[in-house]
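Novice: Provide a 3D model corresponding to the input given below.
(chains A and B)
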Amino acid sequence: MPRRLLVTSALPYANGAIHLGHLVEYIQTDIWVRFQRMQGHEVTYVCADDTHGTPIMLRAQSEGITPEALVERVYGEHTRDFFGGEEALRSGKLGGFLVSFDNYHSTNSPQNRAFCEDVYTQLKNAGLIQIRSVEQFFDPVKSMFLPDRYIKGECPKCAAKDQYGDSCEVCGSTYSPTDLKNPYSAVSGAAPVRKASEHHFFRLSDPRCESFLRQWTQGGEHVQSEAGNKLKEWLGEPGENKLADWDISRDPPYFGFEIPGTDGQKFFYVWLDAPVGYFGSFRHYCERVGKTQAQMDAYLRPGSDTELVHFIGKDILYFHALFWPAMLEHAGYRTPSKVFAHGFLTVNGEKMSKSRGTFITARSYLDLGLNPEWLRYYYAAKLGATMEDIDLNLDDFVARVNSDLVGKFVNIASRCAGFLSKRFGGVLAETDAGASEVMALLAQSAQTVATHYEDREFGKAIRRIMELADAANQYVDAQKPWELAKDPANAPRLHAVCSTAIGFFRVLTLYLKPVLPRLAEQVEDFLNIAPLSWSDAQRTLPAGHRIDDYKHLMTRIDTKQVAALVDANKESLQPTPAPSPARHAEQQQHAEKPAASAHINIDDFAKVDLRVARIVNADHVAGADKLLKLDLDVGVLGTRTVFAGIKSRYDPEQLKGRLTIVVANLAPRKMKFGTSEGMILAASDDSGGPFLLAVDDAAKPGMKAK
RNA sequence: GGUGAUGUAGCUCAACUGGUUAGAGCGCCACACUCAUAAUGUGGAGGUUGAGGGUUCGAGUCCCUCCAUCACUACCA
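Specialist: Have a look, this model is predicted:
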């Protein structure tokens, strides 16, 4: 009974180039999809560019073009990287990284708009949309609200200049934009002002969502067990109400879809229409190939036996395993059958780095003439079903591909084909009866390899296939066709041995076909056979079948090519793209953290305003395990309220009246129990603490410590 | 600070619910072979399984502590 599957990869954001980190996902998905097709299942694999949001809008502005024009250009780039672009589709010969989408679309489409409006309306009818006022930074020059990443300023912790509103690239601390000192808009440079606006929220905290998600995420049915654990953490214990409502609206100017009934005053947040874009792309596909509404509904509405499978990176698990299923469930759509999360890509054991040249774009890889199937093979060999990161070790990449693919696999054909074409006119003989054991091993492995592919244990599949390739080489070695060739009397034996080895090669090709589709096609041409499907593993080529002359199928990777690749991606050789404020389907956005320098100078130290303070009042904080609330007299600077994590050692009563040191110019920090307006200094290490600093009695509150 | 994950030969990875001398591929060394765009075969060296404790007849596998890396998170302000 063929399964019917709708499979997706996360939508890449339309403001940047595809890189090797992205490709892990598209290659993983494509291998799985191609495997399912070989099984005879009905698979529809859709994806799209994720096109909306502030970053796209601003980038288009800075380039002096419309967002639509930007999005169209990037669409061209992405599709060219993935599968060779439109022209490849027309010719039927995929290029790029050979990703076999059935449809690649855009979130900026009428199909997607219709789904977004419908999902929103259904959620609203279900009482799951709430409107609340939210105060945010606003750029008075540009007349627009600023996402966190567009507010820059000095890091509240280390005072580094020009840091983003969410985290400091110098000291690595995270904070909210309101903590920044001297904030300014990264768009206009103006000082942002606080401004309130109505926002639409999806009420994820609603008990209906929570109870649904609790059962949906647990049990290992829809997500990997590790992901389930993570989700459990996010969900918290029943009654904890850890899920926060989700702000799904944005104010104009915004490149996106208008929220119905808001008169152009509210737009859908890009993260709402991104996952909905899976459906938009699918509808576009259905229209294109003439599917009926009923056929489409079989995939999108509850109650049918179709499967909806999402491949994503672990960084967007929250969206795909919480927001997305909860939205679908309450908007009358089916929920995903599976959400498969993978890990990040590291290169040579480290985060991809522009300065090291390991932030490698798909385009540079292809343009330098590297074979996409090398990378597909290497990723396959490294991929498993978990969310663990995978490492692209460039030396290992070269060694692995060269020895496995060229040395072992392709070599089997190469070493026998010459005899067949020169001595026997390319006509195959009966297979060698003496090889039945190896033959059986090959055929019987179909199930094992299939299970590994199905379970996304591609590394295990590859290992098994290479064991089989070893067995095939051992067979050839034992039969020594080159010796048989010396005596014409041995011709029948030589014929059988080479035919048998070619038969082995055919089965190995079949097993590798999901990973190496182009090579498999070349082999199918070479062998004069119809496209291989999984069940062909149980058959052999008949005697008398004629194959073509062998043309070499794959070259080895030259280390120089890899060196050139790294070189071409060195940051100095290319303009630095603006950091992406929204991550979406992007992975690898983590910036490297430069090591903090060992010394600071006197000016750095002077930035810290240390003052003597008198604790005029100290109180327990209801519900807090570690915090005390302190009222400080800081002399000329007035009074401050500070929360300090010193409850474990100090009784509020004994603190009253004593002098200590406070960091007076630390940005106010909003904490769970109130805002802390400074920081008390205390010493601690593993052996004990915290111990408050003491100040001699003669000191006066407000005195500067230096 | 908390939680979770990871840490196994030079490299990349295995080892089901704890069970015989911890495996494989690559690389390396030796030998063999020469059909194959130096590919292949056979054999070998190489690990106190991050460190230290503990449970057990027996631990890479379970428990505790520590170290390192990564991720998430916070009442470290």
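Novice: in stretch A:140-157, what counts as buried?
Specialist: Residues of stretch A:140-157 classed as buried by neighbour count (16 or more other Cβ atoms under 10 Å): A:142, A:144-157. Yep, even glycine has a C-beta here, placed from its N, CA and C like the rest.
Novice: Also stretch A:25-42?
Specialist: Taking 16+ other Cβ under 10 Å as the neighbour-count basis, stretch A:25-42 is seen to contain the buried residues A:25-39.
Novice: Next, the residue in chain A sticking out farthest from the centre: phi, psi?
Specialist: Summary for chain A: using Cα atoms, centre = their mean, the residue whose C-alpha lies farthest from the chain's mean C-alpha position is A:Ala489, with a distance of 60.6 Å. According to degrees, to the nearest 10, the main-chain angles of A:Ala489 amount to phi -60, psi -20.
Novice: Find me the pLDDT at it, would you?
Specialist: pLDDT for A:Ala489: 92.
Novice: now the helix or strand where A:Leu375 lies: how far from the chain's centre is it?
Specialist: Applying DSSP states H and E as the criterion places A:Leu375 in helix A:372-382. Between the centre of helix A:372-382 and the centre of its chain there are 17 Å (Cα atoms, centre = their mean, to the nearest Å).
Novice: now stretch A:311-327
Specialist: A distance of 11 Å separates the centroid of the chain from that of stretch A:311-327, by Cα atoms, centre = their mean.
Novice: With stretch A:627-640 instead?
Specialist: The chain centre lies 46 Å from the centre of stretch A:627-640; the measure is Cα atoms, centre = their mean.
Novice: end to end, how far does it reach?
Specialist: The distance separating the two terminal residues of stretch A:627-640, taken as Cα to Cα, to the nearest Å, comes to 16 Å.
Novice: Likewise for stretch A:650-657?
Specialist: For stretch A:650-657, by Cα to Cα, the gap between its terminal residues amounts to 13 Å.
Novice: Just the pLDDT at the residue of the stretch 201-350 of chain A found nearest RNA strand B, thanks.
Specialist: Of all residues in the stretch 201-350 of chain A, A:Gly349 sits closest to RNA strand B, at 5.3 Å by Cβ to the nearest atom of the strand. What the model reports as pLDDT for A:Gly349 is 80.
Novice: quick one: it and A:Asn393 touch, right?
Specialist: Yes. A:Gly349 is in contact with A:Asn393 according to Cβ atoms under 8 Å; the separation is 6.8 Å.
Novice: So for the two, which residue has more residues nearby?
Specialist: A:Asn393 (15 against 9; other Cβ atoms under 10 Å).
Novice: and the closest residue to that one other than its chain neighbours, how many neighbours?
Specialist: Of all residues beyond its chain neighbours, the one nearest A:Asn393 is A:Asn348 (5.7 Å), with distances taken as Cβ to Cβ, 6 or more residues apart in numbering. By the other Cβ under 10 Å criterion, the neighbourhood of A:Asn348 contains 16 residues.
Novice: Could you do A:Ser355 as well?
Specialist: Residues near A:Ser355, counting by other Cβ under 10 Å, number 11.
Novice: Next, it: phi, psi?
Specialist: phi -70, psi -30.
Novice: before we move on, what about A:Leu632?
Specialist: Listed backbone geometry of A:Leu632 is phi -110, psi 140, with angles given as degrees, to the nearest 10.
Novice: Near it, how many residues? Count them for me, please.
Specialist: Neighbours of A:Leu632 under the rule other Cβ under 10 Å: 27.
Novice: Tell me which residues touch it, please.
Specialist: Residues in contact with A:Leu632, defined by Cβ atoms under 8 Å, 6 or more residues apart in numbering, are A:613-616, A:639-642, A:662, A:678, A:680, A:701.
Novice: What pLDDT is listed against it?
Specialist: Per-residue confidence at A:Leu632 stands at 85 (pLDDT).
Novice: follow-up on the earlier one: need the three-state assignment for the closest residue to the residue of the stretch 201-350 of chain A closest to RNA strand B other than its chain neighbours.
Specialist: With sequence-adjacent residues excluded and distances taken as Cβ to Cβ, 6+ apart, A:Gly349 is closest to A:Asp391, at 5.6 Å. Assigned state for A:Asp391: strand (three-state reduction, DSSP: H, G, I helix; E, B strand; the rest coil).
Novice: beta partners of A:Asp391?
Specialist: Under the criterion DSSP bridges, A:Asp391 forms beta bridges with A:Thr346.
Novice: Show the pLDDT at it.
Specialist: A:Asp391 is assigned a predicted lDDT (pLDDT) of 88.
Novice: before we move on, back to that, so what does the helix holding A:Leu375 touch, helix or strand wise?
Specialist: Helix A:372-382 sits against helix A:20-38, helix A:362-367, strand A:390-392, helix A:394-400, helix A:458-479, helix A:517-527, with contacts defined as 3 or more Cβ pairs under 8 Å, 6 or more residues apart in numbering; DSSP states H and E.
Novice: Pick the most buried one from the ones you listed.
Specialist: Relative to the other members of the helices and strands packed on helix A:372-382, helix A:20-38 carries the highest mean neighbour count by mean count of other Cβ atoms under 10 Å, namely a mean of 24.
Novice: The following helix or strand past it to helix A:20-38, inter-axis angle?
Specialist: Using DSSP H and E, the helix or strand that directly follows helix A:20-38 along the chain is strand A:42-49. Using axes from the mean of the first three to the mean of the last three Cα atoms, to 10 degrees, the interaxial angle of strand A:42-49 with respect to helix A:20-38 works out to 160 degrees.
Novice: on contacts alone, who are the packing partners of strand A:42-49?
Specialist: Packed against strand A:42-49 by the contact rule (3+ Cβ pairs under 8 Å, 6+ apart) you find strand A:4-9, helix A:20-38, helix A:67-83, strand A:103-106, helix A:270-289.
Novice: for the longest one, what is the average pLDDT?
Specialist: Averaging pLDDT along helix A:270-289 gives 95.
Novice: One more: the fourth one?
Specialist: For strand A:103-106, the per-residue pLDDT values average out at 96.
Novice: neighbouring contacts of that strand?
Specialist: Counting by Cβ under 8 Å, 6+ apart, A:14, A:44-49, A:51, A:71, A:75, A:78-79, A:82-83, A:111-112, A:277, A:280-282, A:284-285, A:288 sit against strand A:103-106.
Novice: got the buried residues for whichever helix or strand comes after it?
Specialist: Scanning forward in sequence from strand A:103-106 by DSSP H and E, the next helix or strand is helix A:110-125. Along helix A:110-125, the positions that meet the burial threshold by neighbour count (16+ other Cβ under 10 Å) are A:111-113, A:115-120, A:122-124.
Novice: Alpha carbons of helix A:110-125, in CSV - could you do that?
Specialist: These are the backbone C-alpha positions of helix A:110-125, laid out as CSV (Å, rounded to 0.1, in the frame of the first residue of the first chain):
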residue,chain,number,x,y,z
PRO,A,110,-1.8,34.6,-3.4
GLN,A,111,-2.0,31.0,-2.3
ASN,A,112,-0.2,31.7,0.9
ARG,A,113,-2.2,34.9,1.6
ALA,A,114,-5.4,32.9,1.4
PHE,A,115,-4.1,30.3,3.9
CYS,A,116,-2.8,33.0,6.3
GLU,A,117,-6.1,34.8,6.3
ASP,A,118,-8.0,31.6,6.8
VAL,A,119,-5.9,30.4,9.6
TYR,A,120,-6.1,33.7,11.3
THR,A,121,-9.9,33.9,10.9
GLN,A,122,-10.4,30.4,12.3
LEU,A,123,-8.2,31.2,15.3
LYS,A,124,-10.1,34.4,15.9
ASN,A,125,-13.4,32.6,15.7
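Novice: Off-centre distance for that helix?
Specialist: With Cα atoms, centre = their mean as the basis, the mean position of helix A:110-125 lies at 26 Å from the chain mean.
Novice: which helices and strands sit right next to it?
Specialist: Contacts of helix A:110-125 with other secondary structure elements, assessed using 3+ Cβ pairs under 8 Å, 6+ apart, are made with strand A:103-106, helix A:270-289, helix A:324-330.
Novice: Noted, bye for now.
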